[in-house]
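Asker: sharing a model that was predicted from the sequence below.
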Amino acid sequence: WWDADGAFAPLLQMSAARGAFLREACCRHFGARDASAALPLEGLRALDVGCGGGLLAEPLSRLGCTVTAVDAAAEGVGTAAAHAAASADERVRGVEFIASTAEELVAQGRRFDLVCSLEVIEHVADPQEFVRTLTKLVVPGGALALSTINRTPRAYALAIGAAEHALGLVPVGTHEWRKFVSPEELAAMLARAGAEVRELAGMR
(Lines give C-alpha, C1' and ligand atoms only; values in the text may rest on other atoms or scores of the structure.)
Protein backbone atom coordinates (compact mmCIF):
# COMPACT_ATOMS: atom_id res chain seq x y z
CA TRP A 1 0.00 0.00 0.00
CA TRP A 2 2.76 2.44 0.90
CA ASP A 3 5.24 1.42 -1.84
CA ALA A 4 5.68 4.35 -4.23
CA ASP A 5 6.44 1.86 -7.01
CA GLY A 6 3.81 -0.70 -6.04
CA ALA A 7 0.26 -1.54 -7.13
CA PHE A 8 -1.23 1.36 -5.18
CA ALA A 9 1.20 3.98 -6.48
CA PRO A 10 -1.60 5.85 -8.35
CA LEU A 11 -3.54 6.27 -5.10
CA LEU A 12 -0.43 7.47 -3.30
CA GLN A 13 0.17 10.03 -6.04
CA MET A 14 -3.39 11.36 -5.66
CA SER A 15 -3.20 11.61 -1.88
CA ALA A 16 -1.69 15.09 -1.65
CA ALA A 17 -4.21 16.66 -4.02
CA ARG A 18 -7.17 14.98 -2.38
CA GLY A 19 -5.92 15.87 1.09
CA ALA A 20 -5.62 19.53 0.10
CA PHE A 21 -9.14 19.54 -1.31
CA LEU A 22 -10.60 17.95 1.82
CA ARG A 23 -8.74 20.39 4.06
CA GLU A 24 -10.11 23.42 2.20
CA ALA A 25 -13.63 22.04 1.67
CA CYS A 26 -14.05 20.96 5.28
CA CYS A 27 -12.85 24.31 6.59
CA ARG A 28 -15.47 26.00 4.41
CA HIS A 29 -18.20 23.57 5.41
CA PHE A 30 -17.63 23.55 9.15
CA GLY A 31 -16.92 27.29 9.31
CA ALA A 32 -14.58 29.45 11.38
CA ARG A 33 -11.63 27.19 10.57
CA ASP A 34 -8.28 28.30 9.21
CA ALA A 35 -7.10 25.96 6.46
CA SER A 36 -3.52 27.13 7.02
CA ALA A 37 -3.56 26.12 10.70
CA ALA A 38 -1.50 23.17 11.86
CA LEU A 39 -4.62 21.22 12.86
CA PRO A 40 -7.46 22.79 10.86
CA LEU A 41 -9.89 19.91 11.45
CA GLU A 42 -9.18 19.46 15.15
CA GLY A 43 -12.19 18.23 17.10
CA LEU A 44 -13.91 16.56 14.16
CA ARG A 45 -14.73 12.86 14.24
CA ALA A 46 -13.94 11.36 10.85
CA LEU A 47 -14.71 7.97 9.31
CA ASP A 48 -12.86 6.47 6.35
CA VAL A 49 -14.96 3.73 4.72
CA GLY A 50 -12.95 1.32 2.59
CA CYS A 51 -9.72 2.52 4.14
CA GLY A 52 -7.44 -0.06 2.54
CA GLY A 53 -3.91 0.54 3.79
CA GLY A 54 -4.75 3.81 5.51
CA LEU A 55 -3.76 6.22 2.74
CA LEU A 56 -6.50 8.67 3.75
CA ALA A 57 -6.88 7.85 7.43
CA GLU A 58 -3.35 8.92 8.31
CA PRO A 59 -3.52 12.34 6.59
CA LEU A 60 -6.93 13.00 8.18
CA SER A 61 -5.45 12.36 11.60
CA ARG A 62 -2.60 14.78 10.85
CA LEU A 63 -5.21 17.44 10.07
CA GLY A 64 -6.53 17.03 13.60
CA CYS A 65 -9.42 14.61 13.10
CA THR A 66 -10.14 11.77 15.48
CA VAL A 67 -10.24 9.00 12.88
CA THR A 68 -11.99 5.66 12.62
CA ALA A 69 -11.13 3.65 9.51
CA VAL A 70 -12.96 0.53 8.35
CA ASP A 71 -12.53 -1.98 5.57
CA ALA A 72 -14.15 -5.34 4.93
CA ALA A 73 -10.75 -6.77 3.98
CA ALA A 74 -8.94 -7.68 7.19
CA GLU A 75 -5.56 -7.92 5.43
CA GLY A 76 -5.64 -4.27 4.35
CA VAL A 77 -6.74 -3.17 7.81
CA GLY A 78 -3.84 -5.09 9.33
CA THR A 79 -1.39 -3.37 6.99
CA ALA A 80 -2.89 0.02 7.80
CA ALA A 81 -2.77 -0.54 11.54
CA ALA A 82 0.83 -1.74 11.42
CA HIS A 83 1.94 1.24 9.33
CA ALA A 84 0.18 3.70 11.64
CA ALA A 85 1.60 2.05 14.75
CA ALA A 86 5.12 2.67 13.45
CA SER A 87 4.49 6.39 13.02
CA ALA A 88 6.23 8.96 15.18
CA ASP A 89 3.01 10.99 15.15
CA GLU A 90 0.80 10.29 18.15
CA ARG A 91 -2.31 11.28 16.21
CA VAL A 92 -1.56 8.74 13.50
CA ARG A 93 -0.95 6.03 16.08
CA GLY A 94 -4.34 6.85 17.55
CA VAL A 95 -6.35 6.01 14.42
CA GLU A 96 -8.94 3.32 15.14
CA PHE A 97 -8.69 0.66 12.41
CA ILE A 98 -11.51 -1.90 12.26
CA ALA A 99 -12.16 -4.84 9.94
CA SER A 100 -15.81 -3.99 9.43
CA THR A 101 -18.34 -2.42 7.06
CA ALA A 102 -20.37 0.77 6.93
CA GLU A 103 -23.51 -1.30 7.45
CA GLU A 104 -22.17 -2.72 10.70
CA LEU A 105 -21.34 0.76 11.98
CA VAL A 106 -24.89 1.91 11.18
CA ALA A 107 -26.24 -1.05 13.16
CA GLN A 108 -24.05 0.03 16.08
CA GLY A 109 -25.50 3.54 15.95
CA ARG A 110 -22.17 5.23 15.27
CA ARG A 111 -22.12 8.65 13.58
CA PHE A 112 -19.39 11.06 12.52
CA ASP A 113 -18.86 14.69 11.57
CA LEU A 114 -17.04 13.72 8.39
CA VAL A 115 -17.50 10.48 6.44
CA CYS A 116 -15.15 9.73 3.53
CA SER A 117 -15.18 6.90 1.01
CA LEU A 118 -12.69 7.21 -1.81
CA GLU A 119 -12.54 4.88 -4.82
CA VAL A 120 -15.02 2.45 -3.27
CA ILE A 121 -18.43 3.11 -4.80
CA GLU A 122 -17.34 1.82 -8.23
CA HIS A 123 -16.71 -1.59 -6.66
CA VAL A 124 -19.94 -2.13 -4.68
CA ALA A 125 -22.92 -4.17 -5.87
CA ASP A 126 -25.55 -1.49 -5.14
CA PRO A 127 -24.14 2.05 -5.31
CA GLN A 128 -27.42 3.72 -4.35
CA GLU A 129 -27.82 1.65 -1.21
CA PHE A 130 -24.16 2.24 -0.36
CA VAL A 131 -24.72 6.01 -0.53
CA ARG A 132 -27.81 5.70 1.68
CA THR A 133 -25.78 3.77 4.21
CA LEU A 134 -23.03 6.39 4.23
CA THR A 135 -25.50 9.23 4.81
CA LYS A 136 -26.81 7.41 7.88
CA LEU A 137 -23.32 7.65 9.39
CA VAL A 138 -23.16 11.45 9.11
CA VAL A 139 -24.37 13.64 11.99
CA PRO A 140 -26.82 16.45 11.13
CA GLY A 141 -24.79 19.27 9.62
CA GLY A 142 -21.87 16.97 8.90
CA ALA A 143 -20.13 16.24 5.61
CA LEU A 144 -19.77 13.29 3.26
CA ALA A 145 -16.82 13.12 0.86
CA LEU A 146 -16.88 10.68 -2.05
CA SER A 147 -14.36 10.06 -4.80
CA THR A 148 -14.75 7.77 -7.80
CA ILE A 149 -13.80 7.29 -11.43
CA ASN A 150 -15.90 9.14 -13.99
CA ARG A 151 -17.28 6.99 -16.81
CA THR A 152 -15.48 8.62 -19.72
CA PRO A 153 -13.38 7.22 -22.58
CA ARG A 154 -10.29 8.83 -21.04
CA ALA A 155 -10.96 7.15 -17.68
CA TYR A 156 -11.36 3.80 -19.43
CA ALA A 157 -8.09 4.29 -21.26
CA LEU A 158 -6.20 5.20 -18.08
CA ALA A 159 -7.80 3.02 -15.39
CA ILE A 160 -8.32 -0.12 -17.46
CA GLY A 161 -6.33 0.11 -20.67
CA ALA A 162 -3.17 1.55 -19.14
CA ALA A 163 -3.23 0.69 -15.42
CA GLU A 164 -4.50 -2.87 -15.81
CA HIS A 165 -3.36 -4.06 -19.24
CA ALA A 166 -0.49 -1.95 -20.56
CA LEU A 167 1.40 -1.12 -17.36
CA GLY A 168 0.15 -3.82 -14.99
CA LEU A 169 -0.14 -1.34 -12.09
CA VAL A 170 -3.24 -3.12 -10.77
CA PRO A 171 -4.60 -6.64 -11.46
CA VAL A 172 -6.70 -7.12 -14.59
CA GLY A 173 -10.36 -7.01 -13.61
CA THR A 174 -9.90 -4.52 -10.78
CA HIS A 175 -12.26 -2.11 -12.53
CA GLU A 176 -15.48 -2.61 -14.49
CA TRP A 177 -16.33 0.07 -17.02
CA ARG A 178 -20.08 -0.20 -16.42
CA LYS A 179 -19.57 0.50 -12.70
CA PHE A 180 -17.77 3.80 -13.21
CA VAL A 181 -19.97 6.64 -11.92
CA SER A 182 -20.45 10.04 -13.51
CA PRO A 183 -20.75 13.19 -11.36
CA GLU A 184 -24.38 13.57 -12.45
CA GLU A 185 -25.21 10.01 -11.41
CA LEU A 186 -23.51 10.44 -8.06
CA ALA A 187 -25.35 13.71 -7.41
CA ALA A 188 -28.66 11.97 -8.17
CA MET A 189 -27.82 9.14 -5.76
CA LEU A 190 -27.00 11.66 -3.04
CA ALA A 191 -30.24 13.57 -3.64
CA ARG A 192 -32.27 10.37 -3.34
CA ALA A 193 -30.49 9.69 -0.04
CA GLY A 194 -31.41 13.14 1.29
CA ALA A 195 -28.03 14.80 0.75
CA GLU A 196 -26.96 17.67 -1.47
CA VAL A 197 -23.76 18.34 -3.36
CA ARG A 198 -21.98 21.41 -1.98
CA GLU A 199 -18.62 21.07 -3.76
CA LEU A 200 -17.41 19.16 -6.79
CA ALA A 201 -13.86 18.80 -8.10
CA GLY A 202 -12.08 16.64 -10.63
CA MET A 203 -8.55 15.40 -11.26
CA ARG A 204 -6.73 14.92 -14.53
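Answerer: Yep, that arrived.
Asker: tell me, how many residues neighbour Glu185?
Answerer: 16 (other C-beta atoms under 10 Å). C-beta here means a position set from N, CA and C on the backbone, and glycine is covered the same way.
Asker: SS state for it?
Answerer: Following DSSP: H, G, I helix; E, B strand; the rest coil, the label given to Glu185 is helix.
Asker: show me the contacts for it.
Answerer: By C-beta atoms under 8 Å, 6 or more residues apart in numbering, the residues touching Glu185 are Arg151.
Asker: contacts for the top helix by length along the chain, please.
Answerer: In terms of residue count, the longest helix belonging to the chain (DSSP state H) is helix 9-30. Residues from elsewhere that reach helix 9-30 (C-beta under 8 Å, 6+ apart): 2-4, 33-35, 40-41, 44, 52, 55-56, 59-60, 63, 113-114, 116, 118-119, 143, 145, 147, 163, 169-170, 198-199, 201, 203.
Asker: give me the buried subset of these.
Answerer: 33, 40-41, 44, 52, 55-56, 59-60, 63, 113-114, 116, 118-119, 143, 145, 147, 163, 169-170 (16 or more other C-beta atoms under 10 Å).
Asker: which of those fall within helices?
Answerer: Pro59, Leu60.
Asker: least confident secondary structure element in this protein?
Answerer: helix 153-155 (a mean of 72; mean pLDDT, DSSP states H and E).
Asker: Leu134 contacts Ala143, correct?
Answerer: No: between Leu134 and Ala143 there is no contact under C-beta atoms under 8 Å: 11.1 Å.
Asker: between the two, which contacts overlap?
Answerer: In contact with both Leu134 and Ala143: Val115, using C-beta under 8 Å, 6+ apart.
Asker: all strands of the protein, in order?
Answerer: 45-49, 66-71, 96-99, 112-118, 138-147 (DSSP state E).
Asker: which one of the ones you listed lies nearest to Gly78?
Answerer: strand 96-99 (7.9 Å; C-beta to C-beta).
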